[in-house]
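S.K.: Just need the structure, nothing else, for what follows:
(2 chains)
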Amino acid sequence: MNLPTLESINLLAVLPVLIVFGWTLVLLVIDLFIPSGRKYWTAWLGILGLLGAAVALAVRFIDARGAAVTAFDGMLTVDGFSLFLQAIFILTAVIGILLALDFLPRHKIERGEYYILLLFTTGGMMIMSMAADLIVVFLALELLSIPLYILTGFARPRADSEEAAMKYFLLGAFASGFLVFGIALTYGGTGTTSLVGVFNQLAEGEPSRDLALVGMALILVGFGFKVAAVPFHMWTPDVYQGAPTPVTAFMSVGAKAGGFAALMRILIVAMPAVGEAWGMLVAILAMLTMILGNVVAIAQRNIKRMLAYSSIAHAGYILVAVSAAQRPEDAPLAVSAAIFYLLTYAFTNLGAFGVVLAVEREDGSGNLLEDFAGLGRSKPVLAAIMTLFMLSLTGMPVSAGLVGKFFVFQAAINASVGNPWILAAAIVGIVTSVISAFYYIRIILIMYMQEGEPQVVLKPALTVALALTALATLILGIIPAPVFQLAKDALLTLVG
Amino acid sequence: MDSLFALIPLIIVFPFSGVVIGVFFGRRLMPHKDSIGPGLVASILAGASFVIAVLMFIALQGHPEGVEVPLATWMNITAGDRVLDIPWTFKIDTLSSVMMLVVAGVGTLIHIYAIGYMQGDIDEQIAKRGFEGDEAFDFKRRRYSKFFTFFNLFLGSMLVLVTANNYLMMFVGWELVGLCSYLLIGFWFDDPVKGVYNSESGKKAFIVNRIGDFGMLIAIMLIFWTFGTVQFDDVFARAECMQAESQEACLTVSAGEAVHEEAEGEHGEAARPYLTPVALGKIGTVTLGVVVTIITLCLLLGATGKSAQIPLFVWLPDAMAGPTPVSALIHAATMVTAGIYMITRSNVLYAMAPISGTAVAIVGAATALVAGTIAVAQFDIKRVLAYSTISQLGFMIAAVGLGGYVAGIFHLATHAFFKALLFLSAGSVIHGMEHGHHHAAHHGHGGDDPDFDPQDMRYMGGLKDKMPITTWVYIIGSLALAGIPPLAGFWSKDEILLDASLNNQLVYVLLSISAFFTAFYMGRQVFMVFFGRARTEAADHAVESKPMMTTPLIILAALSVLGGLLNLPGLHSLAHWLEHSVAHAHTAEFNISIAAISTLLGLIAIGLSWLLYGRKPVEAGQADPLRSTGPVFTFLNRKWYWDELYDTVFIKPYVWLGEFLAVTIDWKFWHDFVHDRIIGDAFRGWGAILSQPIDQGVVDGAVNGIAQLVDGSSQELRKTQTGYVRNYALAVALGVVLVLGFLAFRFLM
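M.R.: Reported below is the predicted structural model:
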């Protein structure tokens, strides 16, 4: 094995994630000197660091012109796919901080660690999107997960927050076990943890295939847990409900995107040889996820739980796109559909949680559907924005959600030639979209048709976050082509 | 080209700018209730138009052949192989100059008269409605400026009609004057007593004219299809060309290369039929003679509408519902002569269609007689004049039908003078009567008779002492109308009779009888109104009108006396003037016996009227001496039952047909049977089947079933969410087993 050189480490290519981690470490120190009650300085400094990372990302994007390079001796791949996803992570983190800015002091849990943990998990997600080795994948997953466990329990001493954190941690550890086992089996089958190596070994032939197949299945279970796919979703409602709402918003988007980033890279880049098997498995999981998520969401009375099931359902739609990537020729379209969907989902879901935050009360109540009654009269603009998010989640016109769903189903139907499972998944997706209209539009109905006196607290940071997300949802819904072109150019590549 | 001709657009710009001023500033021109601002502005603009008309007349002295002044491109449409290219071009020739002078000149005088008349007329309306103070002032201001806005609009429209160089532009003016007529007849549509009648009269005029306009439109379309143009000169040049050549050869002929000399040479044999085939678009091929006959008959239909001839004359008597200046200007002097002008303008076509010419003459003569007899038995002072107008228009139509275009236009001009004079004088009488009525009512002399009608001659009598100027000008107008030499009417009527005696004996006889009646009913009117003793308090207290009103009367009286100078026998100045623009103009030489006969008839009629009405004046409450004729008088008084005839022949069947179509066909058959029974019941039947067993049973059952299934499973599935981590972990483990089991089953075995 060659010793790593400065060239093979290629620090420039991973500059964004280095900025995030480096700045976070610095911030950890700075935070010590920021008096409590002024922790919003930490937040704004955190946003500053994220903006720095964004600038580095943009420079990298312009510099690379679509070319993929490796870093850390082939441990990381910097390609269009990872750049696109890193952009989503940074965006999510920025909005996540904006959502928390007012929330934490209101709920008297304002501590600087919040922002630092959030930046750490963001860094983990960014590495996840670049990981080109199964070991790095595992590292990134833990880096992503552990700060999230802490953030979930951040509202201590609130019992439901602590309980949620404990559940999330236990089940997360359980799922990680399956992931590690899957990685081990894959290593056993192919003799390598490098994705390039796995690809080569599987391409060569039979002997290693069966073990790798079981490994793939267990890796799928591990990520299925992260992205909240049925039947590994059980933690989701409890954790989403118990976690402080800004954390819920952040993890419903970020953690899911991180999970999908690694899952897609492993399955699509390293394991096209067993594509038929994972394609079918993913399609079945997608169907189960969409059906269960959408159906159970109907019965929810708590908006955070409802949005938890909604997020499960949306994981199902993205899984449809993943399954559509089982053949290398269909992969580019399917991958671009998946990451575009992740982007639209990020904006819409963050925005929806933003409205939930505005209606939520200090004592943690105000999360029931009834609490939205009368919003249409007392806060018409807020209600209109919520309507937009709900329509977008349903997949109604003039919203990003429609476009996202359109591209996913287009990719699925495109890839379904000769593969009835994907076609079935697409059909289930369309049918469950109709079912989903029931509980999304119910919110609109409650806001406009029922009398009520919602207590709304709308601070500047939250307003900015809502405006950003609403605008993005609308613009992506009306002129999606430029951004979708970026997603199409964001190729998932195998470099080694 | 004389540079004066370039001023021609101003002749319509002035009155139309008056419309704009009236619409936007009319009320502001009237700062207090007696101010005459709107009327003054309108009159000045009308006078300015007259000045332009005079300038055109002067300019024409050097260019009697006339000029065309293009203003703008109006329409340019390609239709098949024809190009419809119509510029908005003014035609200034000797004929249109005569019309411009009459229209603008008489129009100006009537505008000035109306300044005073409308003040009183509106005050009368205010009194009827009991308006006071600001309300009265606002009402007066609105109506006064509105009247003059309409009046100026009419004048401009009429000048568009007579200055057009093509049929379509003329048609625009034709329609615009019709609109003004409608607006002004119904000017008092809100009169508390006669409002409904007034608006009905306006509607009647408008609808009856639609029939005539339909004929006009057909004629214009046929002209375009036949000759490929609608511009007068080109149409006539091509028509004459087509007599000798084929249609194709002539479609490019334009007025510049007109074959006038040839046509004049041929004039004597105008009766020969023209057998040149003419292709009428997709309709087919007919001979030129047939097409021209159809065209000219359609034009005649148009003329009977606008110029109130049989069968469409019935609107004109009711048009008297408008204020008197309207009757004078529109329904006596100008608009109603549009038909005569149009036929004269189309003289080339009429010369080619002798049948149409004869038809025109017969229609005119018959109208003259019928209307003349009806006038004898009317009591309303304006109604008598209305029937007289119809009768005189019949004279003109008869004249142009016989080819006596000069006589027709001559009579048109003189008639404009004396009939305007008579109407305005009648207006002055009405004014005086109303004044007297108020005076009597004010002094408790029993003047509060609710049936009092200031226009009814039976309530008048003895006005000559109260209204001397009006009386004298009225007598002058009557003598002129009666055709007593040397007044204007004598010369023009004599010329018509002369033409008739030479061309068509039947027409001559009809017209002579009508001339007799004319003199009789005018004598009857003068004796009834001005002589004898006052039959009511109102007549006893009538007063002379203001100078603002009497001055135009005196001018018009002078014109009525001297109008004959236009075309005195031997001089024939009008004939020489018109021959530049009317190819088929001709004038017969003065015939002393014709003149003597008509004068004698007139004098006998006047004498007869004196015997009946002058020698022993009719007393209050006494029946009309003509009542002794019994049913004849009733027949005439009821206007030959024309309205009843139309009511029976057209209106009732029309209403019946409308009812039939609406009630029986549309409602009972179409709505009740087809829609309700066939479509509706079938639909409801199918709907019942589809909705109850199929939709509610099968479809809704399925949908609700699914919904219940979803809801139920939702409720059931959420129970799996126990909250225990062990259960969740078990679920994950089971998931793993399932995944692996699936793999093992599907891919490993």
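
S.K.: going forward, measure contacts and count neighbours with C-alpha atoms only.
M.R.: Fine.

S.K.: Run through the residues that contact residue 309.
M.R.: Looking at chain A here, since you left the chain open. Residue A:309 makes contact with A:236-237, A:293-294, A:296-297 under the criterion CA atoms under 8 Å, 6 or more residues apart in numbering or on different chains.

S.K.: ah, I was thinking of chain B
M.R.: B:303, B:363-364, B:367, B:390, B:393-394.

S.K.: before we move on, back to that, tell me which two of the contacts of residue A:309 sit farthest apart.
M.R.: Maximum pairwise distance among the contacts of residue A:309 (CA to CA): 13.8 Å, between A:236 and A:294.

S.K.: which one of these two has more residues nearby?
M.R.: The residue with more neighbours, out of residue A:236 and residue A:294 and counting by other CA atoms under 10 Å in any protein chain shown, is residue A:294; that gives 29 against 26.

S.K.: Relative to residue A:307, how far out is the more buried one?
M.R.: To residue A:307, residue A:294 is 10 Å away according to CA to CA, to the nearest Å.

S.K.: Any stretches of chain A with poor pLDDT?
M.R.: Low-confidence segments of chain A, defined by pLDDT under 70: A:1-2, A:206-208, A:495-496.

S.K.: Up against chain B, what does it have?
M.R.: A:167, A:170-171, A:174-175, A:210, A:214, A:217-218, A:221, A:231-232, A:234-235, A:238, A:277, A:281, A:295-299 (CA under 8 Å from any CA of the partner chain).

S.K.: Kindly recompute the last result at 6 Å.
M.R.: Contacts of chain A with chain B, taken as CA under 6 Å from any CA of the partner chain, map to A:231-232, A:234, A:295-296, A:299.

S.K.: of the residues you listed, closest to residue B:575?
M.R.: Residue B:575 lies nearest to residue A:295 out of these, by CA to CA, at 101.2 Å.

S.K.: quick one, what contacts the residue lying closest to the closest one once chain neighbours are set aside?
M.R.: Using CA to CA, 6 or more residues apart in numbering or on different chains and skipping the chain neighbours, the partner closest in space to residue A:295 is residue B:714 (5.4 Å). Residues in contact with residue B:714 (CA atoms under 6 Å, 6 or more residues apart in numbering or on different chains) are A:295-296, A:299.

S.K.: isn't there a helix covering residue A:251?
M.R.: Yes. Membership of residue A:251 in a helix is supported by DSSP: H, G, I helix; E, B strand; the rest coil.

S.K.: what about residue B:87, is that helix, strand or coil?
M.R.: Here residue B:87 takes the strand state, with states given by three-state DSSP.

S.K.: Same check on the one 3 residues further on?
M.R.: Put simply, residue B:90 is strand when judged by three-state DSSP.

S.K.: ok, it touching residue B:71?
M.R.: No. Using CA atoms under 6 Å, residue B:90 makes no contact with residue B:71, being 7.4 Å away.

S.K.: Among those two, which residue is more densely surrounded?
M.R.: Neighbour totals were compared for residue B:90 and residue B:71, and residue B:90 leads with 23 against 13 (other CA under 10 Å).

S.K.: what is that one paired to in the beta sheet?
M.R.: Assessed by DSSP bridges, residue B:90 has beta-bridge partners residue B:69, residue B:164.

S.K.: Point me to the residue of chain A nearest chain B.
M.R.: Residue of chain A nearest chain B, by CA to the nearest CA: residue A:296 (4.5 Å).

S.K.: Correct me if wrong, but that residue is in a helix.
M.R.: Yes. According to three-state DSSP, residue A:296 belongs to a helix.

S.K.: residues contacting it?
M.R.: Residues near residue A:296 by CA under 6 Å, 6+ apart: residue B:714.

S.K.: Same question for the one 4 residues further on.
M.R.: The contact partners of residue A:300, taken as CA under 6 Å, 6+ apart, are residue A:306.

S.K.: quick one: low-confidence ranges for the stretch 251-400 of chain B?
M.R.: Residues of the stretch 251-400 of chain B that meet the cut-off, pLDDT under 70, sit at B:256-275, B:281-283.

S.K.: try 90
M.R.: B:251-291, B:310-312, B:321, B:331-333, B:351-354, B:376-379 (pLDDT under 90).

S.K.: hey, where'd the strands end up in it?
M.R.: B:277-279, B:285-287 (DSSP state E, counting those that start in this stretch).

S.K.: Share the number of residues neighbouring the nearest residue to residue B:303 once chain neighbours are set aside, please.
M.R.: Excluding its sequence neighbours, the residue lying closest to residue B:303 (CA to CA, 6+ apart) is residue B:339, at 4.1 Å. Residues near residue B:339, counting by other CA under 10 Å, number 25.

S.K.: Residue B:339 and residue B:308 touch, don't they?
M.R.: No. Using CA under 6 Å, residue B:339 makes no contact with residue B:308, being 8.8 Å away.

S.K.: So what touches stretch B:334-342?
M.R.: Applying CA under 6 Å, 6+ apart, the contact partners of stretch B:334-342 are B:103, B:303, B:306-307, B:397.

S.K.: redo that, cut-off 7 Å
M.R.: Here stretch B:334-342 makes contact (CA atoms under 7 Å, 6 or more residues apart in numbering or on different chains) with B:103, B:158, B:177, B:303, B:306-308, B:330, B:396-397, B:412.

S.K.: looking at those residues, which has the most residues close by?
M.R.: Neighbour max across these (other CA under 10 Å) = residue B:397, 38 neighbours.

S.K.: I'd like to know how far it sits from chain A.
M.R.: From residue B:397 across to chain A, the span is 72 Å (CA to the nearest CA, to the nearest Å).

S.K.: Give me the distance from the top helix by length along chain A to the chain's centre.
M.R.: For chain A, the helix that runs over the most residues, judged by DSSP state H, is helix A:159-190. Distance of helix A:159-190 from its chain centroid, counting by CA atoms, centre = their mean, to the nearest Å, is 17 Å.
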